[in-house]
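In: let me see the structure of the following:
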Amino acid sequence: MAAFEGAGRVALITGGSHGIGAAVARRLAGEGARVVLADVDAEAGAALAAELGGAFVRCDVREPADSEAAVAAAVGRFGGLDVAFLNAGVAGGGGVGDDFDLDGYRRAMGVNLDGVFFGVHAALPALRARGGGDIVATASMAALTATPFDPVYGANKAAVVGLVRALGPAFAPEGIRVNALCPSFADTGILVPLKEHLERTGFPILDVGDVVEAFMAILDAGGTGEAWCVVPGRPPEPFRFRGVPGPR
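Out: This next block holds a predicted model:
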């Protein structure tokens, strides 16, 4: 296991204006990496990029062209791309009964799943040009357990984990590692609707700093096709999937 060395490395972070994305951006910049923040919040993103000596690109990850433009900005501004942190995400999306919301469903699936898929597609040529690199997608512990309170979120995050597990071995021969970060309820803006309930019931809330440490652990570990669990009070580690039954 080799510690991440940021000097000379370039990282693209979607959803980089706030929360986990912003915290990871600060950490990577502190390690000497050049960061490109991609987000729909231009005001906050541009301010953070200026603070970190990085770049900001307005990016709606539901649009493939926006992800391609963000990668192009990283290559054009800093000469290449080494790390793509596909982190943009939203909660909600409605249910399948009386609470069905087509617009909410399409938005949630578009940001949380399409945004990762389009981000991988956009990043691959730039990573190949560097001889390899890392793609880390933000999934969730909701991908690994039942989420009756938000079934659309559970579905798209589970799909992200499935995608990562498929792409990991596919791109390993090229030196491109693909992994998923699976935090539980982290103390970010996306948690606001649930935070009071969690605090009232005593459910532990994950510190964003712990998520950052897990992200760095993924880069240091050098594995691929893994889904890393991040829960309060436990060290981050890859989830151990059971093998499926084979044919008889």
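In: from now on I want contacts and neighbour counts done on CA atoms only, so please keep to that.
Out: Will do.
In: tell me where the protein has strands.
Out: Using DSSP state E, the strands assigned to the chain run over residues 10-14, 34-39, 55-58, 83-86, 133-138, 176-183, 227-230, 237-238.
In: who does the first one pair with, and is each partner parallel or antiparallel?
Out: Its sheet considered, strand 10-14 pairs with strand 34-39 (parallel), strand 83-86 (parallel) by DSSP bridges.
In: among those strands, which is the most enclosed?
Out: Counting by mean count of other Cα atoms under 10 Å, strand 34-39 has the highest mean neighbour count of the strands paired with strand 10-14, with a mean of 29.
In: rewinding a little: okay if I get the strands paired with strand 10-14 as CSV plus distance to residue 236 and mean pLDDT?
Out: Output for the strands paired with strand 10-14, formatted as CSV (distance: least, Cα to Cα, whole Å; pLDDT from 0 to 100):
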stretch, distance to residue 236, mean pLDDT
strand 34-39, 24, 98
strand 83-86, 17, 98
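In: do you know which of the ones you listed lies nearest residue 20?
Out: strand 83-86 (10.4 Å; Cα to Cα).
In: what does that closest one contact?
Out: Identification of contacts with strand 83-86 by Cα atoms under 8 Å, 6 or more residues apart in numbering yields 9-15, 115-116, 119-120, 123, 127, 133-138.
In: and for stretch 140-153?
Out: Residues external to stretch 140-153 that are found in contact with it (Cα under 8 Å, 6+ apart): 91-95, 105, 108-109, 112, 154-161, 181-184, 229-230.
In: give me that answer again for 6 Å
Out: Residues from elsewhere that reach stretch 140-153, judged by Cα atoms under 6 Å, 6 or more residues apart in numbering: 93, 154, 157-158, 182-184.
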